[in-house]
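Asks: build me a model:
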Amino acid sequence: MNQSKGRTWKKISLSLLVAVLLLTGCKNQDDSVKERAGTPINLSGMNTDLYRVKEAVALDEGGYAVTVEAAGFESTIEAVVYFDDTADQVTGLEILSQGETEGLGSRITEPEFLAIFSGFRAPVTVTESNMQIVDPVVSAEIESKKQEALSAGFVDGTYTANSAEFSSGYKGTASITIQGGKIVAASYDSVSEDGSKKTEMSKNGEYILTEDGLRWHEQAEEIANYIIVNQSTEIPTDDAGKTDVIAGVSISVTEAKNLFADCLTQATAGAVKDGTYEVEADEFSNGYKGIAQLTIQGGKITEVLIDSINEEGKKKSELSKNGEYVMTEDGLLWYEQADRIAAYVIENQTVSIPTDDAGKTDAIAGVSISVSDVDKLLAECYSQAKEAEEKEEEEIPTINGTAFDAVTGATKTSEGVARAINNAYFFLKNCIVK
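Replies: I've put the predicted structure just below:
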C-alpha cells in the first residue's frame, strides 16, 4: 500500500515538474536550437578546467554541443554552444544560467541576441571592444615557462634590502641567502637613527614590546623562519599589516614582507638579460661625474666597474693610481675602495649596499667613501638588464575573430558570452577535432 502511494506521488511530482518547465521554460535559447540527441564524449584525461568545459556531446545530426562556463560582468555565465563537424562554425547557442544586471546584461538570454550566432564563424569577439582572443593552451604554456624561469632563476648569494626612510625612529633591514636556488637563511631587523639594532635592544630588555607573548626579536625570527619554510615572501595580512598565519607574531609584517620581496627580486636571475650595461651620472659633482658598468653572464653579475671622470675626461681611478688624486694619507686609495665595492657586488650578487644617512657603509671593510651614488648607478645598470629581458619575454599571441555587436549597455557581459563560445571552440579544436 505504501509503495503504491509512493509511485503515485512520484508520477504526480514528475507531471508537476514537466508542467512548470513547459510554462516557464527551463532554458533561454535561440529558436533554432532544439533538443539534439547525441553521444556524450568521455572527458577523462582532458584538461577541461583550462577551458571551463563541463560536458561535450557528439550530436547524431553531426557537429558538437559543448556545455561551458565563462566569467561575465557580475556572474558566471553557463552556456551550451553548438558547432558544425569542423568546429569552425557556431550553429546555435543556449544560455543555461546567468546572474547579470537585470534589463542590461540579462538580455543575453533574449532570442534576438542568441539568433545572431547561428552560422557565425568561431572564434568570436565583441565590436569596439579591447577583448583579446587567446588560445588557453598557448597562454598556459607561456605562463608556465615564465614561472619555471622565475623559480629556477634564483642566483646563489646573500641579498639585502633597507627601508628608504625612518618610521617611528626606526628603519627596517632584511636579508635573504640563496643556496642551490633555495632560501636557506633570512633575517629581519630594524635600526634606530643612532645605529642601534632593535633585535639587540629587545634581547637586552631595552626595547619592550609587551609584557607577555613573544618579544620583538623572537617575532622577527618567526617571520624569517616563515619565509624559509614556505620558500616565499608572500605573507597574508589584514589592512593593518598584521598576520594570523605566523603563531605569536603580533607586529605589523608589511615592512618585513616588502623588504624580503626586494631581496628576492635581486636574486631573480630570470629577470635579467646577459650583457654589459653602463650608466653615467647626469651631472658633475665636485668636479667629477660617476660611472658604473655591470656585466651579466648566465644571469649572474660577473664584472663590475666603478669610476668617476672629471670635466677633462680623466678617470679618477687612473689619477688615484698615479698619485694625482690623494684622498687620505692612510687607508685604501680611491681606486682600491672602488675595487672593493665592485668585489662586494659580485660576491653578494646584489646592487644594494647598506648605507647610513651620509651614504657611508660599514658592510665593506676599508671603504670610507660615500657609496650612495654608486649604489644608484649600479641599480640603474641592473634595471637596464631587467628591461632588456622583459622586452624579449615571449608574448601571448592573439587571434582575430568574427565580431558581433554587444548588448546595449552590457559590453562586459557580452564579452563573457564571447569567452564562453571561444572556450568551447578551443576545447574542440585542441582536444576533439584535430
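Asks: per-residue confidence for Asp330?
Replies: We have a pLDDT of 84 for Asp330.
Asks: actually, Glu389.
Replies: What the model reports as pLDDT for Glu389 is 61.
Asks: same check, this time on the one 4 residues further on
Replies: Model confidence at Glu393, expressed as pLDDT, equals 52.
Asks: before we move on, what about Asn2?
Replies: Looking at Asn2, its pLDDT stands at 43.
Asks: what does the one 3 residues further on give?
Replies: Per-residue confidence at Lys5 stands at 39 (pLDDT).
Asks: who's Leu305 bridged to?
Replies: Gln293 (DSSP bridges).
Asks: give me every residue that touches it.
Replies: Under the criterion of Cβ atoms under 8 Å, 6 or more residues apart in numbering, the neighbours of Leu305 are Ile291, Ala292, Gln293, Ala342. All C-beta atoms are positioned from the backbone trio N, CA, C, and that covers glycine.
Asks: going through the residues you listed, which ones are buried?
Replies: Neighbour counting with 16 or more other Cβ atoms under 10 Å marks Ile291, Ala292, Gln293, Ala342 as buried within the contacts of Leu305.
Asks: quick check, the first one in a helix?
Replies: No - per DSSP: H, G, I helix; E, B strand; the rest coil, Ile291 lies outside any helix segment and is strand.
Asks: spatially nearest residue to it, not counting backbone neighbours?
Replies: Asp307 (4.8 Å; Cβ to Cβ, 6 or more residues apart in numbering).
Asks: now the two most distant members of the contacts of Leu305.
Replies: Of all pairs drawn from the contacts of Leu305, the one with the longest distance (Cβ to Cβ) is Ile291 and Ala342, at 12.0 Å.
Asks: okay, and the common contacts of the two?
Replies: Residues touching both Ile291 and Ala342 by Cβ under 8 Å, 6+ apart: Leu305, Ile306.
Asks: so how far is Ala292 from Ile235?
Replies: 34 Å (Cβ to Cβ, to the nearest Å).
Asks: what about Thr265, neighbour count?
Replies: Look at Thr265: counted by other Cβ atoms under 10 Å, it has 15 neighbours.
Asks: surely it is within a strand?
Replies: No - secondary structure assignment places Thr265 outside any strand; it is helix (three-state DSSP).
Asks: and the pLDDT at Ile235?
Replies: Ile235 is assigned a predicted lDDT (pLDDT) of 86.
Asks: from here on, call the first residue 16.
Replies: Let's use 16 as the start, then, which means that last one is Ile250.
Asks: any idea how far Glu156 is from the closest residue to it other than its chain neighbours?
Replies: Sequence neighbours aside, Lys272 is the residue nearest to Ile250 in space, at 4.9 Å (criterion: Cβ to Cβ, 6+ apart). Lys272 sits 31 Å away from Glu156, going by Cβ to Cβ.
Asks: what about those two, which has more around it?
Replies: Just comparing Lys272 and Glu156: by other Cβ under 10 Å the higher neighbour count belongs to Lys272, 22 against 13.
Asks: where does that one fall, phi/psi-wise?
Replies: Backbone torsions of Lys272, given as degrees, to the nearest 10, read phi -60, psi -40.
Asks: show me the strands in the stretch 116-265 of the chain, by range?
Replies: Secondary structure of the stretch 116-265 of the chain (DSSP state E, counting those that start in this stretch): strands at 139-141, 172-177, 185-194, 197-207.
Asks: chain center to the shortest one, what's the gap?
Replies: From the chain centre to the centre of strand 139-141 is a distance of 27 Å (Cα atoms, centre = their mean, to the nearest Å).
Asks: same deal with the longest one?
Replies: Taking the mean of its C-alpha atoms, strand 197-207 sits 23 Å from the chain's own mean (Cα atoms, centre = their mean).
Asks: who does it touch, helix- and strand-wise?
Replies: Counting contacts by 3 or more Cβ pairs under 8 Å, 6 or more residues apart in numbering; DSSP states H and E, strand 197-207 is packed against strand 185-194, helix 213-218, helix 231-245, helix 269-282.
Asks: same thing but 7 Å
Replies: With contacts taken as 3 or more Cβ pairs under 7 Å, 6 or more residues apart in numbering; DSSP states H and E, strand 197-207 sits against strand 185-194, helix 213-218, helix 231-245.
Asks: spit out the contact partners of the residue nearest to Ile306.
Replies: Neighbouring residues of Asp322 by Cβ atoms under 7 Å, 6 or more residues apart in numbering: Ile306, Lys330, Lys331, Ser332, Ala353.
Asks: ramachandran coordinates for the fourth one?
Replies: Ser332 has phi and psi values of phi -60, psi -40 when expressed as degrees, to the nearest 10.
Asks: now it. Nearest residue, chain neighbours left out?
Replies: Once flanking residues are discounted, Ser332 sits nearest to Tyr350: 4.2 Å by Cβ to Cβ, 6+ apart.
Asks: what about the one you found, distance to Tyr292?
Replies: From Tyr350 to Tyr292 the distance is 21 Å (Cβ to Cβ).
Asks: I'd like the strands of the stretch 116-265 of the chain as a markdown table, with mean neighbour count appended.
Replies: As requested, the strands of the stretch 116-265 of the chain are exported to a markdown table (neighbours: other Cβ atoms under 10 Å):
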| stretch | mean neighbour count |
| --- | --- |
| strand 139-141 | 23 |
| strand 172-177 | 20 |
| strand 185-194 | 21 |
| strand 197-207 | 19 |
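Asks: including distance to Ile436 and mean pLDDT, could those strands go into a markdown table?
Replies: Output for these, formatted as a markdown table (distance: least, Cβ to Cβ, whole Å; pLDDT from 0 to 100):
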| stretch | distance to Ile436 | mean pLDDT |
| --- | --- | --- |
| strand 139-141 | 5 | 95 |
| strand 172-177 | 47 | 91 |
| strand 185-194 | 46 | 93 |
| strand 197-207 | 44 | 94 |
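Asks: all set, thanks.
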